[in-house]
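**Q** Test case, fold it:
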Amino acid sequence: MRLLTIALIEAVLGGVMHNASATDRPTITLEQLQTMFANIKSKTTWNLDGPLLWGYFFMDPDTKKLEAAGDELTRNGYHLVDIHRAKDRPTNVLHVERIEHHTPESLNQRNQELYALAERYQLGSYDGMDVGPPP
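**A** Below you'll find the model as predicted:
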């Protein structure tokens, strides 16, 4: 199910999830999120009016910076999944999750907060999100 989720979101966002850097980056737009929600609604049976499991990803070669960002996120109610080496890039990935309800507008706001966090910690990028049904 997670692979379907990631493939669906990447197809909807057209690769925008992968940012070049925190300061010089394309960002996920509200319009892209609206399209993503419409596609999830038409292609899955997930309840978009309730909580879903949202995963958020940050990238940087320095694991200490990712750990510091992860510490802040866990203090703010996110679950730290892991920090691991990226498969397709020479960098590391911080993966956190949280069960929450989003609309395109609230997810857009969350993304803005996470872009700002990536800039505060001088991370390579906030790389986007994935979503799936809650466990």
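**Q** And the lengthiest helix in the chain, how far out from the chain middle?
**A** If you go by DSSP state H, the chain has its longest helix at helix 104-120. Its chain's average C-alpha position is 9 Å from that of helix 104-120, according to CA atoms, centre = their mean, to the nearest Å.
**Q** Would you mind identifying the next helix or strand past it?
**A** strand 125-132 (DSSP states H and E).
**Q** what helices or strands is that next one leaning on?
**A** helix 2-13, strand 52-60, helix 104-120 (3 or more CB pairs under 8 Å, 6 or more residues apart in numbering; DSSP states H and E). The way it works is simple: take the backbone N, C-alpha and C, and place the C-beta from them, glycine included.
**Q** Give me the residues contacting the longest helix of the chain.
**A** Contacts with helix 104-120, where a contact means CB atoms under 8 Å, 6 or more residues apart in numbering, come from 22-23, 25, 27-30, 33-34, 36-37, 54, 56, 58, 69, 72-73, 102, 124-126, 128-129.
**Q** Distance from the chain centre to stretch 110-127, please.
**A** So, by CA atoms, centre = their mean, the centroid of stretch 110-127 is 10 Å from its chain's centroid.
**Q** Identify each buried residue in that stretch, please.
**A** 110-111, 114-115, 117-118, 121, 123-127 (16 or more other CB atoms under 10 Å).
**Q** And the contacts of helix 104-120, which of them are buried?
**A** 22, 25, 28, 33-34, 36-37, 54, 56, 58, 69, 73, 102, 124-126, 128-129.
**Q** could you point out which element follows the one helix or strand in the chain whose mean pLDDT sits lowest?
**A** Of the helices and strands making up the chain, the lowest-confidence element is helix 2-13, at a mean of 45, by mean pLDDT, DSSP states H and E. Following helix 2-13 in sequence order, the next helix or strand is helix 30-43 (DSSP H and E).
**Q** Isn't residue 80 up against residue 74?
**A** Yes: with contact defined as CB atoms under 8 Å, residue 80 and residue 74 form a contacting pair (5.2 Å).
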